[in-house]
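Asker: Make a model of this:
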Amino acid sequence: MTNALGEGSARDPELRSTAPNDIAVELLLAGNFAGALEILRLAIRAGPATLLLWLNVAAAYRGLRRSNEEMEALKQALALDPRNLRALLQMASL
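Answerer: The predicted structure follows:
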């Protein structure tokens, strides 16, 4: 299917990858950390696993008080961007 610009929006990985993250962020804000984590895991499996997805996975684990898993998610985020301040600060707080 094409959009008004004649581009295949359903094939655009940027558009596909943001919708699950947006839903997960709403769940995080509502305190539904387990629900957010489930959606984020599916999005990572579907790929590509972005820095933002991994940061939100870490946030979900923080909400669930699962610091070991939070640390692993932050390591994944830092593998994508070793100088990401948010990931570095969150890791330092563990």
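
Asker: residue contacts, Gln76?
Answerer: Counting by CB atoms under 8 Å, 6 or more residues apart in numbering, Gln76 touches 49, 54, 57. Backbone N, C-alpha and C define where each C-beta goes, glycine included.

Asker: Dump those residues to CSV, plus distance to Ala87, secondary structure and pLDDT.
Answerer: Shown next, in CSV, are these (distance: CB to CB, whole Å; DSSP: H, G, I helix; E, B strand; the rest coil; pLDDT from 0 to 100):
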residue, distance to Ala87, secondary structure, pLDDT
Ala49, 14, coil, 89
Trp54, 8, helix, 96
Val57, 11, helix, 97
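
Asker: Now distance to Asn68 and neighbour count too, for the residues you listed, in TSV please.
Answerer: Listed next are these as TSV, based on distance: CB to CB, whole Å; neighbours: other CB atoms under 10 Å:
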residue	distance to Asn68	neighbour count
Ala49	19	18
Trp54	15	24
Val57	13	25
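
Asker: got a markdown table for those, with distance to Leu88 too?
Answerer: Converted to a markdown table, the contacts of Gln76 look like this (distance: CB to CB, whole Å):
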| residue | distance to Leu88 |
| --- | --- |
| Ala49 | 19 |
| Trp54 | 13 |
| Val57 | 16 |
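
Asker: Identify, from these, the entry nearest to Leu85.
Answerer: Trp54 (14.4 Å; CB to CB).

Asker: hang on, isn't that closest one packed against Leu80?
Answerer: Yes - counting by CB atoms under 8 Å, Leu80 is a contact partner of Trp54 at 6.8 Å.

Asker: any idea how far the nearest residue to Ile39 once chain neighbours are set aside lies from Gln90?
Answerer: What sits nearest to Ile39 in space, not counting adjacent residues and going by CB to CB, 6 or more residues apart in numbering, is Ala24, at 4.5 Å. Distance of Ala24 to Gln90, computed by CB to CB, to the nearest Å: 17 Å.

Asker: Which one's more surrounded, those two?
Answerer: Taking neighbours as other CB atoms under 10 Å, Ala24 and Gln90 compare with Ala24 leading, 27 against 19.
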